[in-house]
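Participant: no sequence on this one, just coordinates:
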């Protein structure tokens, strides 16, 4: 059965008082001895993962050194992973471990402040940016057991957009945090563009095909904090979904919790110190003309240790038209998806639809219905 678009009742707040919606943060979640009804997920979404995803690590050292043989080997491994499920892990990726440590330190600086201060950067309806407690501002059921802070990034020369975000929303006390995250986003963008080269090589198209498409990317960094849960078998930190973006680069701590749906079963993505997790998103599925998969994944929670992760989502410039290279249309034999822009897909997921494994399919149905209503 196809999922339905969000109705107005789907956007209700989870906790209401006479004064309106109450904010939900980690302190509220950790006080719960039982999972509140809004956080209980359907049994079908809670089927446990009993195996680890067994994929070969992809070493990028040779690629960065210009070694053609190592580059071809890395591209082959990436192609195999993306044809199968869309997830892989990379080592020797060039992101300095000291920068990652700084990012983790400043991560806690934000999530440890009182909820009243967090709400100074509260997410605005229709936008992916800002602070959110369990997405209770958007949904009333299947709430994720987490807090998030999301903000945008684009390389605008001397304009430090991330520094400005933190200073304008949280004050001068968070200027250093902004500088750390600005540097991290710059490093992530550089890595993402390099991976785009490898993806192009793996697909047999011009090496610069996707690097050029994303050269003026407007991306998103999301900090995820998953508090402990006394009944982890009833809830999820993040529900099953495919990322609507193009490419995700995930840094996760050593706690574990990321799970992917491969070979018709949930499998754990084991944290590997020093490695970064990469996954294909819906937008790149369209850019590859459906050849590369946007994989269904989720995040579990546990009763013992809180978990932290940082997800960098590479996204095209808002008005860039998403369409595959002609070589891939010839290879597949037909166009799998019509043209669209990232701003159209982003708007759909922020205002009309809760991202899941059917997002791309439902997006095109929505566009078609909107077109008919206009005509």
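Facilitator: Done, it's in. Note that this is a predicted model, so its numbers are computed, not measured.
Participant: hey, let's count contacts and neighbours off CA atoms from now on
Facilitator: Noted.
Participant: measure stretch 92-103 end to end?
Facilitator: Stretch 92-103 stretches 18 Å from its first residue to its last (Cα to Cα, to the nearest Å).
Participant: in it, what's buried?
Facilitator: 92-93, 95, 100, 103 (16 or more other Cα atoms under 10 Å).
Participant: just these: which are in strands?
Facilitator: Among the buried residues of stretch 92-103, DSSP state E puts none in strands.
Participant: skipping adjacent residues, who's closest to residue 282 in space?
Facilitator: Leaving aside its sequence neighbours, residue 282 sits nearest to residue 244 (Cα to Cα, 6 or more residues apart in numbering; 4.6 Å).
Participant: ok, now residue 306?
Facilitator: residue 227 (4.5 Å).
Participant: likewise for residue 273?
Facilitator: residue 254 (7.2 Å).
Participant: one more: residue 199?
Facilitator: Here the residue nearest residue 199, using Cα to Cα, 6+ apart, is residue 75, at 6.8 Å.
Participant: other SSEs contacting the helix or strand hosting that neighbour?
Facilitator: Using DSSP states H and E, residue 75 falls within helix 68-84. Here helix 68-84 touches strand 58-59, helix 61-64, strand 87-91, helix 175-203, going by 3 or more Cα pairs under 8 Å, 6 or more residues apart in numbering; DSSP states H and E.
Participant: that helix to strand 87-91, inter-axis angle?
Facilitator: 150 degrees (axes from the mean of the first three to the mean of the last three Cα atoms, to 10 degrees).
Participant: can you list contacts of helix 68-84?
Facilitator: 55-56, 58-60, 62-63, 87-88, 198-199, 201-203, 280, 291-293 (Cα atoms under 8 Å, 6 or more residues apart in numbering).
Participant: which SSE is residue 145 in?
Facilitator: Going by DSSP H and E, residue 145 is not in any helix or strand.
Participant: read off the pLDDT value for it.
Facilitator: If you check residue 145, the pLDDT there is 96.
Participant: now it: closest residue in space that isn't a chain neighbour?
Facilitator: Nearest non-adjacent residue to residue 145 (Cα to Cα, 6+ apart): residue 237, at 4.4 Å.
Participant: burial count for the one you found?
Facilitator: 27 (other Cα atoms under 10 Å).
Participant: mind listing what it touches?
Facilitator: 144-146, 226, 298-301.
Participant: for residue 181, see how far away the nearest residue to residue 179 once chain neighbours are set aside is.
Facilitator: Spatial nearest neighbour of residue 179, excluding adjacent residues (Cα to Cα, 6+ apart): residue 163 at 5.4 Å. Taking Cα to Cα as the measure, residue 163 falls 8 Å from residue 181.
Participant: the more surrounded of those two?
Facilitator: residue 181 (24 against 20).
Participant: let me see the contact set for that one.
Facilitator: 103, 162-163.
Participant: of those, which is the nearest to residue 214?
Facilitator: residue 162 (18.9 Å; Cα to Cα).
Participant: pull the distance from the helix or strand encompassing that closest one to the chain's centre.
Facilitator: Assigned by DSSP H and E, residue 162 falls within helix 161-170. Here helix 161-170 shows a centroid-to-chain-centroid distance of 21 Å under the convention Cα atoms, centre = their mean, to the nearest Å.
Participant: what's the mean pLDDT across stretch 179-197?
Facilitator: Here the average pLDDT along stretch 179-197 is 97.
Participant: how about that stretch: buried residues?
Facilitator: Counting neighbours by 16+ other Cα under 10 Å, the buried set in stretch 179-197 is 179-185, 188-197.
Participant: quick one: the strands in the stretch 251-375 of the chain?
Facilitator: In order along the chain, the stretch 251-375 of the chain carries the following strands (DSSP state E, counting those that start in this stretch): 258-262, 265-268, 276-280, 297-299, 307-314, 321-322, 340-341.
Participant: quick one on the thing from earlier: ok, the buried residues of stretch 92-103 vs residue 172, which is closest?
Facilitator: Closest to residue 172, out of all of the buried residues of stretch 92-103 and judged by Cα to Cα, is residue 103, at 17.7 Å.
Participant: contact partners for that closest one?
Facilitator: 180-181, 184.
Participant: could I get these as TSV with distance to residue 45?
Facilitator: Converted to TSV, those look like this (distance: Cα to Cα, whole Å):
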residue	distance to residue 45
180	36
181	33
184	33
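Participant: of those residues, which is the nearest to residue 320?
Facilitator: Comparing these against residue 320 with Cα to Cα places residue 184 closest, at 24.4 Å.
Participant: name the nearest residue to that closest one, sequence neighbours excluded.
Facilitator: residue 99 is the one closest to residue 184 (Cα to Cα, 6+ apart), at 7.0 Å.
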